[in-house]
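1. Please find the sequence and the predicted model below.
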Amino acid sequence: IFRTQLKSDVAEFAALLETAKSGRVRGVLTAGKAEAEREIVNLEMKARLAAERAQGGGGDTKRYLVELTDYGWDQSAKFVKLFITLNGVQGCAEENVTVEYTETSLQLHVRDLQGKDYGLSVNNLLHAIDVDKSYRKIKTDMVAIYLKKAKEGENWDVLTAIQKRLKQKQDSEMSKDSENPESALVNIMKKMYNNGDAKTKQMIAKAWTESQDKAKFGQDMGGGMGGMGGM
């Protein structure tokens, strides 16, 4: 049921993206769509692993599935390379470390590594890959995945299409900020405030209050930094 709801959410996000005009709205919708797609992949991965365990006689049904999110990546003219750190993975049987590819996605499954299963999903790759020529290698404490570029020589400035859209949105905001340095400073303080802990928020709020007080007395604050609101 939950998977059906997620698929419905993805369809709705896609429909809204077709009509959205604001860059900010499109960014939010894109991020939401990507998150829903990731959840669908994870549910499918868990269901598949559960089925495999059941077929194996149930001896390993209590293994915990760890969702991997951290990895490094690089590229050459022919390949995009992902590096996933997993302590002791070199001790796994070859058949327990598998990667499923489509032209725009990959799913890594590592089974029974020190009593746990591990999974990594990367969807909406920036460009198409050659599924048949992509492969993986097990190294010491690492799995390396080699994605063969469908178009050799094509540069990937980011790994996924979602990251590309978010980067374009951020670049657009930075461009607007460069036209108004005061607005840029305000936006930086807002982001620091919204992402900071309680102590950071207290420090920024104090600095903002003091700057407003100084502005009232006509000191050189460029007329104040309007637009912060209540953060």
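-> Yes, it's here.
2. which residues sit against stretch 138-158?
-> Stretch 138-158 is touched from outside by 75, 77-90, 92, 94, 97, 99, 101, 103, 106, 108, 110, 125-130, 132-137, 164, 167, with contacts defined as CB atoms under 8 Å, 6 or more residues apart in numbering. Using the backbone N, CA and C atoms, a C-beta is placed for each residue, glycine as well.
3. Okay, and which of these map to helices?
-> 164, 167 (DSSP state H).
4. Just the buried residues of the contacts of stretch 138-158.
-> Buried residues within these, counting neighbours by 16 or more other CB atoms under 10 Å: 79-80, 82, 84, 86, 89, 92, 97, 99, 101, 106, 108, 110, 125-127, 129-130, 134, 136, 164.
5. tell me which residues in the helix or strand where residue 119 lies are buried?
-> Element membership for residue 119 (DSSP states H and E) is strand 116-122. Using 16+ other CB under 10 Å as the test for burial, strand 116-122 gives 117-122.
6. show me where this protein has strands.
-> 64-67, 72-75, 79-85, 97-102, 105-113, 116-122, 129-139, 142-149 (DSSP state E).
7. burial measure for the nearest residue to residue 34 once chain neighbours are set aside, as a count.
-> Counting by CB to CB, 6 or more residues apart in numbering, residue 162 is the residue found nearest to residue 34 once chain neighbours are left out, at 4.4 Å. Residues within reach of residue 162, counting by other CB atoms under 10 Å, total 21.
8. any idea how far residue 36 is from residue 162?
-> 12 Å (CB to CB, to the nearest Å).
9. Can you give me the neighbour number for residue 8?
-> 11.
10. Compute the number of surrounding residues for residue 30.
-> 21.
11. beta partners of the closest residue in space to residue 41 that isn't next to it in sequence?
-> Closest residue in space to residue 41, ignoring its immediate chain neighbours: residue 121 at 4.3 Å, by CB to CB, 6+ apart. Beta-bridge partners for residue 121, by DSSP bridges, are residue 107.
12. does residue 121 really touch residue 42, like I thought?
-> Yes: look at residue 121 against residue 42 with CB atoms under 8 Å: they come within range, at 6.5 Å.
13. Quick one: low-confidence residue ranges for the protein.
-> 1-3, 45-46, 48-62, 170-231 (pLDDT under 70).
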